[in-house]
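Asks: I need the structure of the sequence given here:
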Amino acid sequence: MAHSLPEDVLYAIFLHALPSNFVLSTIGPSSKPWMIPPLTFSLVCRSWRLLVLSRPKLWRDISFESKIGSGKDYRDPRIKHTLIQWLSRSSSSPLWIDIEVDGDQFGYVPDEILPLLMQERHRWSTFHINARSGFLFREKLTIRCLAPLTSLSLALTDTTSSVACIDLSQNITSDCSRLEHLSIGMGTTICLPQIPDTLHLPHLRSLYYGNSDWGEIYENLQCILSASPNLEELKIRSQGLGQFKSSPHVLLGHVRSKYIIPSPRNPRLPCSTRIHLRQLILSWPWRDGRSRYLATSAHSRFLPPGSSFLNSAA
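Replies: Next comes the predicted model:
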């Protein structure tokens with residue numbers, strides 16, 4: 001019966017099978033590259049194969065999951081070969097890529113998988129990678145946030161060593177940037193335009209910034225916030241305290257509001273002006289080793305003078 005379905009119905013059904021999920025594991029079963037949709041659909045019959053091969057969008061959504069424990073060699077050359085086919089069959093379609101790595105002692109992902117994906121970075125629509133555990137980089141990654149990229153999330157290490165750079169130096173006009181979501185984790189630096197005031201991120205709606213140094217966060221935030229007139233959500237987290245080069249005030253010029261980044265010496269956030277951010281979360285370490293968080297209500301429009309939304313977490 002499925003053979004008699006119209007192409008548009010089959011296509012809609014095939015889309016629901018995405019993303020194409022590659023699983024590399026020594027803890028549980030690994031996926032067989034040749035048994036992952038939509039490749040499996042192309043093996044059913046000639047009509048399905050013609051449909052699958054003629055629709056590049058079926059090959060654009062890629063998820064790579066790695067769960068590696070100690071022991072046997074988990075590297076599988078068939079995965080690389082299959083990914084090459086995927087990228088070729090997706091043609092010029094924007095790519096949605098999600099990578100989760102838990103342990104990779106042989107460096108299979110950075111050595112074999114990432115180079116393939118980096119060659120297609122001009123097609124990225126979303127690129128998310130979480131690889132904080134057991135991930136070795138041979139060289140530093142540089143990612144430019146140019147169109148068609150709309151969402152970028154990097155969590156690459158749990159140390160202070162820099163392994164990646166987010167290059168915003170060319171985001172100086174509306175046409176250059178479609179970025180809506182940006183998450184900057186540990187081990188990632190930012191490259192701003194030569195003239196910081198020329199940075200333009202008109203579509204940015206959410207920003208997460210985690211770094212080991214408050215001073216570096218502050219310096220970059222001043223530039224990013226002033227370039228983001230439509231920002232709705234802001235989350236900031238630091239693993240350490242640095243020295244500010246000037247008074248620690250972040251000015252959101254587009255809403256004419258001023259925020260004071262808290263510190264252990266001044267943990268309050270006095271603010272009496274209208275808040276246009278839908279969500280604001282700040283997190284920083286305390287002398288007792290615990291983290292302190294400050295969060296505004298998702299629906300709050302005002303912060304009363306002298307109010308402190310300060311909570312502690314073990």
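Asks: Would you mind writing the CA trace of the top strand by length along the chain as PDB?
Replies: The longest strand of the chain (DSSP state E) is strand 124-133. Provided in PDB are the C-alpha atoms of strand 124-133 (Å, rounded to 0.1, in the frame of the first residue of the first chain):
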ATOM      1  CA  TRP A 124      25.100  25.500   8.300                       C
ATOM      2  CA  SER A 125      21.700  26.700   9.500                       C
ATOM      3  CA  THR A 126      22.200  25.300  13.000                       C
ATOM      4  CA  PHE A 127      25.300  23.900  14.500                       C
ATOM      5  CA  HIS A 128      25.300  22.600  18.100                       C
ATOM      6  CA  ILE A 129      28.200  20.600  19.700                       C
ATOM      7  CA  ASN A 130      28.500  19.500  23.300                       C
ATOM      8  CA  ALA A 131      31.800  17.800  23.800                       C
ATOM      9  CA  ARG A 132      33.000  18.600  27.300                       C
ATOM     10  CA  SER A 133      34.300  15.100  28.200                       C
END
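Asks: Can you give the strand pairings for that strand, parallel or anti for each?
Replies: Sheet pairing of strand 124-133 (DSSP bridges) gives strand 95-102 (parallel), strand 151-155 (parallel).
Asks: Show me the contact partners of the longest one.
Replies: The contact list for strand 95-102 (Cβ atoms under 8 Å, 6 or more residues apart in numbering) reads 19, 60-68, 87, 109, 113, 117, 120, 123-131, 133-135. Placement of C-beta: from N, CA and C, glycine included.
Asks: Give the buried residues for that strand.
Replies: 95-99, 101-102 (16 or more other Cβ atoms under 10 Å).
Asks: Quick check: what element follows it along the chain?
Replies: On the C-terminal side of strand 95-102, the closest following helix or strand by DSSP states H and E is helix 108.
Asks: weakest of the strands paired with strand 124-133 by average pLDDT?
Replies: In terms of average pLDDT, strand 95-102 trails the rest of those, at a mean of 86.
Asks: List buried residues within the contacts of strand 95-102.
Replies: 60-68, 87, 109, 113, 117, 123-131, 134-135.
Asks: Mind jotting down where the helices sit in the stretch 151-300 of the chain?
Replies: 214-226 (DSSP state H, counting those that start in this stretch).
Asks: got any ranges where it has weak pLDDT?
Replies: 157-160, 211-216, 238-300 (pLDDT under 70).
Asks: on that earlier part again, next, format the strands paired with strand 124-133 as JSON lines and append distance to R46.
Replies: Output for the strands paired with strand 124-133, formatted as JSON lines (distance: least, Cβ to Cβ, whole Å):
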{"stretch": "strand 95-102", "distance to R46": "28"}
{"stretch": "strand 151-155", "distance to R46": "37"}
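Asks: out of these, nearest to S177?
Replies: strand 151-155 (11.0 Å; Cβ to Cβ).
Asks: The residue lying closest to S91 once chain neighbours are set aside: neighbour count?
Replies: Nearest residue to S91 in three dimensions, chain neighbours excluded: P56, at 3.9 Å (Cβ to Cβ, 6 or more residues apart in numbering). For P56, the neighbour count with other Cβ atoms under 10 Å is 14.
Asks: wait, G107 sits on P115?
Replies: No: G107 is beyond contact range of P115, at 11.5 Å (criterion: Cβ atoms under 8 Å).
Asks: The two: which is more packed in?
Replies: G107 (15 against 11).
Asks: So what does the more buried one look like in phi/psi?
Replies: phi 70, psi 30 (degrees, to the nearest 10).
Asks: State the distance from it to D197.
Replies: 40 Å (Cβ to Cβ, to the nearest Å).
Asks: isn't R55 right next to Y11, touching?
Replies: Yes: under the criterion of Cβ under 8 Å, R55 makes contact with Y11 at 6.1 Å.
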